[in-house]
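Participant: The sequence and its predicted three-dimensional model are supplied below.
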Number of protein chains: 2
Amino acid sequence: MHASDPDRSLEVNGSFTASYRHTLRFTTGVLRPENATLVDVFSNAHTSDSVATHSPGNAPNRVLAFLDKGVLARQPDLPGRLCDYAQAHADRITLPQPALTVPGGERCKNDKTVFDDICRAIHDAKLCRHSFVLAIGGGAMLDAVGFAAAVAHRGIRLVRLPTTTLAQADAGVGVKNGINSFGKKNYLGTFAPPWAVINDADFLTTLDDRDWRAGFSEAVKVSLVKDPALFDRISTTATAITQRDTDAALPIIQRCARLHLQHIVEGGDPFESSKTRPLDFGHWSAHKLEQMTNYRLRHGEAVAIGIALDVAYSALLGMLGWRQAEAITQCLTDLGFSLHDSAVQDGATLLEGLAEFREHLGGPLCITLLAGIGRPVDVHEIDRDLMLRAIDHLQAQPACR
Amino acid sequence: MHASDPDRSLEVNGSFTASYRHTLRFTTGVLRPENATLVDVFSNAHTSDSVATHSPGNAPNRVLAFLDKGVLARQPDLPGRLCDYAQAHADRITLPQPALTVPGGERCKNDKTVFDDICRAIHDAKLCRHSFVLAIGGGAMLDAVGFAAAVAHRGIRLVRLPTTTLAQADAGVGVKNGINSFGKKNYLGTFAPPWAVINDADFLTTLDDRDWRAGFSEAVKVSLVKDPALFDRISTTATAITQRDTDAALPIIQRCARLHLQHIVEGGDPFESSKTRPLDFGHWSAHKLEQMTNYRLRHGEAVAIGIALDVAYSALLGMLGWRQAEAITQCLTDLGFSLHDSAVQDGATLLEGLAEFREHLGGPLCITLLAGIGRPVDVHEIDRDLMLRAIDHLQAQPACR
């Protein structure tokens, strides 16, 4: 074409791929100076550019840490321990400043100034795209910090240290981030695989019972769509879990995190461009319930109700046997979840969640139901009257707390 | 691991790829009802999910159009023509509302409320991730609209209709978007391949001389790092280009767009995770000059100065022969560019652009210089005194306007 006349109707197509690695580490005592898990992930050269981040003679990696205020309240010595850790590994990492705190919980995703402040802190610390943001906190805080890191300089490397059961089992392992906007959960965000995720089991021992419990609804969800044996395990250990038995709980959290990672890596649709998203089972109503209760219900609590609702609908549809439906409900209540809430009674508003869910995913409506434990089925229509009956059915469930 | 005791220090790694297609179309009269170029790109099923967007029986694609105010001023009938076009293809596309206007030029990237307004418009139109945003305008407006589309619902499909020489040759073809923040150009943004880019040559005939000229500095840049024959062609046709000779100009714009796309698709680093970025030749000072002049200099004008500066530096370094350096300077002045500006005289401030450029790209400093036309060389250090001499050298260049 070069030396020719201009071709005024020309087509040029090209295709390319981008490669990503997903690194997940389980450990305890992540900030003990002798534990190299954290410092090692910064030094791991594992991006598509095959440029080593750290090699002898290189400057130490610059790491700006953000800390969930809820974590700080439970572990006030954490910023000091982080500084000590960096000091012990001064040849490999450097903190431009002590850890910055960020409000935890859904509040940090609802308040746009939190996001703006995180962006400004990243700017003021002069981070570059080869620096790191380290986010230590619950799922909501990881989402807000992750979104800022993903758009500053078009993407700064993010290392997540999830501190709640929910974040360690589910949200913290994923490739998504986001903040709420226009009254919609996660309306603004990106798909951005983290550089690494480190699950430190010690964080879980400091949680209050409510935050401890919340993550296990996502565990039930994953088991229902992917792993019947995991569901059995959760069911038989539910009481031990509520008693904070770490030996019972940790294998379940680990299994969930691995199933989640496996879904991203092997599922063929890491950035969710297709219509089917089994990991969103129970989530259409959960997202709406969070919004309807002004986030009084935590995500995990809303997901427990959302699972119970779609399980009841599946059973009313004749797709799922009532015995299995009851086993699922029993498991959730054994874990300590309330399966009804005053917000659920407003069925008309709750059903608006179907349209919002469709819009957020894109394309035609696609809702995952169950034909059995470990047998997800996608449907593209929801019968309003039957769903209202499922809502009524939920009201008959016991309130646990 | 499933039934075992919890392993408290476990590593799990996974890798995955994401596939992208890049579609570039050249046409004229893109909104003439009989021209199917635009409606065809919406219907093209070409994402990794292999789900057809449109097939007989499917609902028409929803398309929210944003229009650069500068384009609207020159073509006030454009919104009406777009409506007529959609009407003529009502079985395949539907506009939820008439085109929304967005301020053009760098102003729309500096004013955060413009970005917020675009996000709100996307929300209010209830676009989903299978809907489309259509952006019609210059490079700056495409960047701002593109950023909003990339983060709303974590990414809505974007079709770009670049309307300036610069956007058609360069910015509009790329995979980047962004807005300015904290006084830094493109501080916030993402890498997000567009669904399709359509270059309609008719838009170029409506440009004023300044906007017409601006794109050719990027053409010179691409030719210097990738295509000596293209440089010769620009040099020999520079006068014709200044006389708005479309037959001379269009092949150059097309060649640039194709080289840019080729770099993305075949360069192995579409999202710029490595340190070398030849298409940023001349840009470290260009970005700083735009900021220093409060965007009085347009991007293409600043790039012309940036090229001349790094060419002079390459020659002073003894890397590039003076004869070639002068040929490049001559080509730029023949195209009508001024190669000095009062802002250039503030060498100390201009040199701050080196550090900002390094920070934006990440990692060690990497500046592309020239060892010859078509022979880019990356260097990792800049001699301040020599660069100040290069700045002095620029002052001796003729001012063209």
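Facilitator: Arrived safely, thanks for sending. Residues are numbered from 1 along each chain as shown, chains lettered A, B, ... in the order given.
Participant: So residue A:372 versus residue A:207, what's the distance?
Facilitator: Look at residue A:372 and residue A:207: by Cβ to Cβ, to the nearest Å, they are 33 Å apart. Quick note: C-beta positions are derived from backbone N, CA and C, even for glycine.
Participant: And for residue A:242?
Facilitator: Noted for residue A:242: a distance of 13 Å to residue A:207, by Cβ to Cβ.
Participant: Which residue of these two possesses the greater neighbour count?
Facilitator: Set side by side, residue A:242 and residue A:207 show more neighbours around residue A:207, with 21 against 18, by other Cβ atoms under 10 Å in any protein chain shown.
Participant: Setting the sequence-adjacent residues aside, check what's closest to the more buried one.
Facilitator: Nearest residue to residue A:207, sequence neighbours excluded (Cβ to Cβ, 6 or more residues apart in numbering or on different chains): residue A:164, at 6.2 Å.
Participant: just checking, what packs against the one helix or strand residue A:303 maps to?
Facilitator: Using DSSP states H and E, residue A:303 falls within helix A:299-316. For helix A:299-316, the elements it packs on are helix A:165-169, helix A:209-226, helix A:283-292, helix A:322-334, strand A:367-372, helix A:384-395, judged by 3 or more Cβ pairs under 8 Å, 6 or more residues apart in numbering or on different chains; DSSP states H and E.
Participant: swap the cut-off to 7 Å and go again
Facilitator: When contacts are defined as 3 or more Cβ pairs under 7 Å, 6 or more residues apart in numbering or on different chains; DSSP states H and E, helix A:299-316 sits against helix A:209-226, helix A:283-292, helix A:322-334, strand A:367-372, helix A:384-395.
Participant: for chain B, what are the nearby residues on the stretch 151-300 of chain A?
Facilitator: A:151-155, A:176, A:178, A:181-182, A:187-191, A:201, A:229, A:247, A:250-251, A:254-255, A:258, A:261, A:264-265, A:269-271, A:273-275 (Cβ under 7 Å from any Cβ of the partner chain).
Participant: Give me the buried subset of these.
Facilitator: Among those, the ones that count as buried by 16 or more other Cβ atoms under 10 Å in any protein chain shown are A:151-155, A:176, A:178, A:181, A:187-191, A:201, A:250-251, A:254-255, A:258, A:261, A:264-265, A:269-271, A:273-275.
Participant: Which of those fall in strands?
Facilitator: For these, the ones inside strands are A:181, A:187-188, with DSSP state E as the criterion.
Participant: how deep is the residue in the stretch 301-401 of chain A that chain B sits nearest to tucked in, by neighbour count?
Facilitator: For the stretch 301-401 of chain A, the residue closest to chain B is residue A:362, as judged by Cβ to the nearest Cβ, at 3.0 Å. Neighbour count for residue A:362, taken as other Cβ under 10 Å: 21.
Participant: now do the one 10 residues further on
Facilitator: Neighbours of residue A:372 under the rule other Cβ under 10 Å: 14.
Participant: what about the stretch 1-150 of chain A, any weak spots by pLDDT?
Facilitator: A:1-8, A:44-57 (pLDDT under 70).
Participant: dump the residue contacts of the residue of the stretch 101-250 of chain A found nearest chain B.
Facilitator: Nearest residue of the stretch 101-250 of chain A to chain B, counting by Cβ to the nearest Cβ: residue A:129, 3.0 Å away. Residues in contact with residue A:129, defined by Cβ atoms under 7 Å, 6 or more residues apart in numbering or on different chains, are A:153, A:155-156, B:361-362.
Participant: For it, grab phi and psi.
Facilitator: Listed backbone geometry of residue A:129 is phi -70, psi -10, with angles given as degrees, to the nearest 10.
Participant: Now do the buried residues in the lengthiest strand in chain A.
Facilitator: Longest strand of chain A, by residue count under DSSP E: strand A:10-27. Using 16+ other Cβ under 10 Å as the test for burial, strand A:10-27 gives A:12, A:14, A:16, A:18, A:20-27.
Participant: and those residues near chain B, which?
Facilitator: Applying Cβ under 7 Å from any Cβ, the subset of these adjacent to chain B comprises A:12, A:14, A:16, A:18, A:20-27.
Participant: mind listing the helices in the stretch 1-150 of chain A by residue range?
Facilitator: Ranges of helices within the stretch 1-150 of chain A are A:37-43, A:69-74, A:78-88, A:107-110, A:112-124, A:139-151, based on DSSP state H, counting those that start in this stretch.
Participant: packing partners for the third one?
Facilitator: Applying 3+ Cβ pairs under 7 Å, 6+ apart, we find helix A:78-88 packed against strand A:61-68.
Participant: 8 Å - rerun?
Facilitator: With contacts defined as 3+ Cβ pairs under 8 Å, 6+ apart, helix A:78-88 has these neighbours: strand A:61-68, helix A:69-74.
Participant: about what we covered before: can you show me the CA trace of the helix holding residue A:303 as PDB?
Facilitator: Included here for helix A:299-316 are C-alpha records, laid out as PDB according to Å, rounded to 0.1, in the frame of the first residue of the first chain:
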ATOM      1  CA  HIS A 299     -21.700  -9.000  51.300                       C
ATOM      2  CA  GLY A 300     -21.300 -12.500  52.700                       C
ATOM      3  CA  GLU A 301     -24.600 -12.200  54.600                       C
ATOM      4  CA  ALA A 302     -26.400 -11.100  51.500                       C
ATOM      5  CA  VAL A 303     -24.900 -13.900  49.500                       C
ATOM      6  CA  ALA A 304     -26.200 -16.400  52.000                       C
ATOM      7  CA  ILE A 305     -29.700 -15.100  51.500                       C
ATOM      8  CA  GLY A 306     -29.200 -14.900  47.800                       C
ATOM      9  CA  ILE A 307     -28.100 -18.600  47.700                       C
ATOM     10  CA  ALA A 308     -31.100 -19.600  49.700                       C
ATOM     11  CA  LEU A 309     -33.400 -17.700  47.400                       C
ATOM     12  CA  ASP A 310     -32.200 -19.200  44.200                       C
ATOM     13  CA  VAL A 311     -32.100 -22.600  45.800                       C
ATOM     14  CA  ALA A 312     -35.800 -22.200  46.800                       C
ATOM     15  CA  TYR A 313     -36.600 -21.000  43.300                       C
ATOM     16  CA  SER A 314     -34.700 -24.000  41.700                       C
ATOM     17  CA  ALA A 315     -36.800 -26.300  44.000                       C
ATOM     18  CA  LEU A 316     -40.100 -24.600  43.200                       C
END
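Participant: Can you check what angle separates it from helix A:322-334?
Facilitator: 160 degrees (axes from the mean of the first three to the mean of the last three Cα atoms, to 10 degrees).
Participant: Centre of the chain to helix A:299-316, how far?
Facilitator: Offset of helix A:299-316 from its chain centre (Cα atoms, centre = their mean, to the nearest Å): 18 Å.
Participant: Which positions in that helix come out as buried?
Facilitator: Under the neighbour-count criterion of 16+ other Cβ under 10 Å, helix A:299-316 has A:299-316 buried.
Participant: how much does that helix deviate in direction from helix A:384-395?
Facilitator: Using the same axes, to 10 degrees: helix A:299-316 against helix A:384-395 is 120 degrees.
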